[in-house]
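Participant: Here's a sequence, model it:
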Amino acid sequence: MMMEEVKPGAYQGDRTMLDALFPAVHALEKAAEEGVGVREALERAVEAAEEGADATKNMKARAGRSNYVPEEVLKSTPDPGAKAAAIWMRAALTAMEATSIAT
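Facilitator: Predicted coordinates:
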């Protein structure tokens, strides 16, 4: 079963943290298929998460907490949950690089 089919209540494109997380997971899956190293795979996932979070600026909120905020307040602002997910992933990559966990 596809990951997009099992999540309760929200879907990719609903302006939630899923809009950062799904592209990151897909980037990791593709990196694994290509056999790239852990660091490069995580770099790709972080970039995908950041792009996904930025894309929420132009989305209508259909789920999550942003769904309760007037649309005019949300214009040109990325979803906070999506942005936070991308920031967490960037922090994980930075920590990994600082400690040389993976090369």
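Participant: Please make it C-alpha for all contacts and neighbour counts, starting now.
Facilitator: OK.
Participant: Based on its surroundings, how many neighbours for residue 15?
Facilitator: 30 (other C-alpha atoms under 10 Å).
Participant: Give me the phi and psi for it.
Facilitator: Backbone torsions for residue 15, taken as degrees, to the nearest 10, come to phi 70, psi 60.
Participant: Would you mind measuring from residue 18 to residue 52?
Facilitator: Distance, residue 18 to residue 52, using C-alpha to C-alpha, to the nearest Å: 9 Å.
Participant: shared neighbours of those two, which are they?
Facilitator: Among the neighbours of residue 18, those also in contact with residue 52 (C-alpha atoms under 8 Å, 6 or more residues apart in numbering) are residue 82.
Participant: Pick out whichever of those two has more residues nearby.
Facilitator: Neighbours were counted for residue 18 and for residue 52 using other C-alpha under 10 Å; residue 52 has more, 28 against 23.
Participant: what separates that one from residue 97, distance-wise?
Facilitator: 23 Å.
Participant: quick one, what contacts the residue nearest to the spatial centre of the chain?
Facilitator: Nearest residue to the geometric centre of the chain (C-alpha atoms, centre = their mean): residue 20, 1.7 Å. Residues near residue 20 by C-alpha under 8 Å, 6+ apart: 48, 49, 50, 51, 52, 53, 82, 83, 85, 86.
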